[in-house]
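1. Quick one, what's the 3D model for this:
(one chain, ligands or ions: 1)
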Amino acid sequence: MNLPKDFLEKMQALLKNEYEAFVASYEENKLQGLRVNTLKVSVEDFLKQNMFQLEQIPWVEEGFYYPSNERPGKHAFHEAGLYYIQEPSAMAVGGTLDPQPGERILDLCGAPGGKSTHVGARLKHEGFLLANEIHPARAKILAQNVERMGIRNCVVTNETPEKLAQRFPGYFHRILVDAPCSGEGMFRKDPEACEEWSLENVALCASRQLQILEEAGKMLMPGGRLVYSTCTFAPEENEGVIDLFLKRHPEYSVEDAVFYEGFKSGRKEWVGTSNASIEKTIRLWPHHLKGEGHFVAVLTKTDGEDPGKIKTLTKSVDRKLLKDYFDFGEAYLNKTPEGQYILFGEQLYIIPREMVPLENLKVLRPGWHLGAIKKSRFEPSHALALSLTREDCKYNISLGLEDDRLLGYLKGEALSIDGNKGWNLVHVEGYSLGWGKLAEGVLKNHYPKGLRWTGI
Ligand SMILES: C[S@@+](CC[C@H](N)C(=O)[O-])C[C@H]1O[C@@H](n2cnc3c(N)ncnc32)[C@H](O)[C@@H]1O
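-> Below is the predicted model:
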């Protein structure tokens, strides 16, 4: 690899006798990982499928390495949201945040959604996840991944940290700041990050990270946990940001984190601080473990004002307006999803409990998307299909992995199938993939156009 000269000189000065091993790691192949989505399948049942040649990632029970000749991204199980393809070191972050079902969690820099979907799975549909992304196009991808993984209690926004901090003071139990960074830890995986790298950009990233962390800090409740992570080695963006933040905020301290084999301590001497707690932060190095470069700091807010009761959304849509939805539920579902309903235009959602009013925020998804109330009919959404199981639906069409009709379904073709007239949930090996509407032996395909497999 053609690594920037300034970068190499800097790493040599920092790493000293470790430098040779560090540089040699760039000659090795990047490592590929997938994380099983435990909202849909247990790790045990997933492994029974014997799909890929998998090897356990030591620091995350749902995480596995797969060999570079496998293509899990182009597989029906991927479309069914059974797993998320995620870089192995990045999986350490969700585990360190350790979200508990029922809590309110913010993922401030969320796209494309590796960590948000990890958090969503750990929440088991209980509590509230706010997944945010500042860039509009990336926020759309985040929303798609949240839906593919079948997460029900997630709101996706496209906001600045400042705007969210005004709306959610002291609101969250846990916050993740997976900050935009200079990406030094991803050079092996993403050569573009290598081309864009410069010392000036490292400095720019560090000042932006501190600003983002400032805003995040305002949204944590006293006693809460904030995890800050990057995928860079630069001390200015890692220990440096944490040290400056702690100096400004005595109400925060660094918490002890679990150090798995190969995890190394943050280096206080690299940023010239005497704060020994910096050594409780974690560095993941490609020459010490099987993964790319990452930094993780776990902070806790030991003090601070209790913001008191925050005004939450209480009103729900008049049920009379939802007649077509309830009729759909009666006809096709064994149990109609109930909750606090809201309508965004014709789109119907169930919002997570304890959600605050979202007026004047850019919201892509205010909760669990159920479908659209059209003129005298209800059309179920793809998100609903992916969050239901065959036990939830009256009419199901099960396709095996070897069934030719599976590819046809993913390509968006109509299928010849005998069965019950009306909305059918289509599955692969029992895992929901999408909707189809059956009439006279022909299944009209409702797999979303933008997701259809083309060119195969
Ligand atoms: C490292 S990526 C997040 C990866 C994501 N957490 C995941 O696991 O898939 C950082 C994100 O921060 C976003 N970002 C860039 N500038 C930002 C800012 N000023 N405030 C908040 N987020 C920003 C980027 O668009 C990017 O999507």
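
2. all contacts plus neighbour counts: C-alpha atoms, from now on.
-> Fine.

3. Counting neighbours, what do you get for I310?
-> I310 sits with 14 neighbouring residues when counted by other C-alpha atoms under 10 Å.

4. residues in contact with the longest strand anywhere in the chain?
-> Longest strand in the chain, counting residues (DSSP state E): strand 220-230. Taking contacts as C-alpha atoms under 8 Å, 6 or more residues apart in numbering, the residues outside strand 220-230 that touch it are 93, 96-97, 169-181, 183, 213, 217, 237-238, 294-307.

5. before we move on, what about stretch 45-62?
-> In contact with stretch 45-62 (C-alpha under 8 Å, 6+ apart) are residues 35-38, 43, 63-67, 70, 72, 88, 91-92, 95, 260-261.

6. Pairing partners for the longest strand of the chain, with directions?
-> Strands that pair with strand 220-230, judged by DSSP bridges, come out as strand 172-178 (parallel), strand 294-301 (antiparallel).

7. In JSON lines: the ones you listed, plus distance to the ligand, mean neighbour count and mean pLDDT.
-> As requested, the strands paired with strand 220-230 are exported to JSON lines (distance: least, C-alpha to the nearest ligand atom, whole Å; neighbours: other C-alpha atoms under 10 Å; pLDDT from 0 to 100):
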{"stretch": "strand 172-178", "distance to the ligand": "5", "mean neighbour count": "24", "mean pLDDT": "97"}
{"stretch": "strand 294-301", "distance to the ligand": "10", "mean neighbour count": "25", "mean pLDDT": "98"}
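
8. how about the strands in the stretch 351-456 of the chain?
-> 363-365, 368-374, 377-380, 396-399, 415-416, 422-428, 431-439, 442-445 (DSSP state E, counting those that start in this stretch).

9. who touches the closest residue to the ligand within the stretch 351-456 of the chain in this structure?
-> Distances from the stretch 351-456 of the chain to the ligand, computed as C-alpha to the nearest ligand atom, single out K362 as the nearest residue at 14.0 Å. When contacts are counted by C-alpha under 8 Å, 6+ apart, K362 is found next to 157-159.

10. just P180 next, same as before
-> Applying C-alpha under 8 Å, 6+ apart, we find P180 in contact with 109, 205, 209, 230.

11. between those residues, which is closest to the ligand?
-> Each of those was checked against the ligand using C-alpha to the nearest ligand atom; the closest is C109, at 4.2 Å.

12. shouldn't that closest one be in contact with A179?
-> Yes: using C-alpha atoms under 8 Å as the test, C109 is close enough to A179 to be in contact (6.3 Å).

13. out of these two, which sits in the busier spot?
-> Ranked by neighbour count (other C-alpha under 10 Å), C109 and A179 place C109 first, with 25 against 21.

14. Leaving out sequence neighbours, find the closest residue to the more buried one.
-> Closest residue to C109 apart from its sequence neighbours, by C-alpha to C-alpha, 6 or more residues apart in numbering: E133 at 5.2 Å.

15. count of residues packed around that neighbour?
-> The number of residues packed around E133, counting by other C-alpha under 10 Å, is 26.

16. measure it to S277 for me?
-> Summarising the geometry, the distance separating E133 from S277, computed by C-alpha to C-alpha, to the nearest Å, is 30 Å.

17. With Y341 instead?
-> With the distance defined as C-alpha to C-alpha, Y341 ends up 46 Å from S277.

18. More neighbours: the two, which one.
-> Neighbours per residue, other C-alpha under 10 Å: of Y341 and S277, the larger number sits with Y341, 21 against 15.

19. Please, where are all the helices along this protein?
-> When secondary structure is read from DSSP state H, the chain shows helices at 5-15, 19-24, 43-48, 76-79, 91-97, 114-123, 136-148, 161-167, 191-196, 199-218, 239-248, 323-332, 382-386, 404-411.
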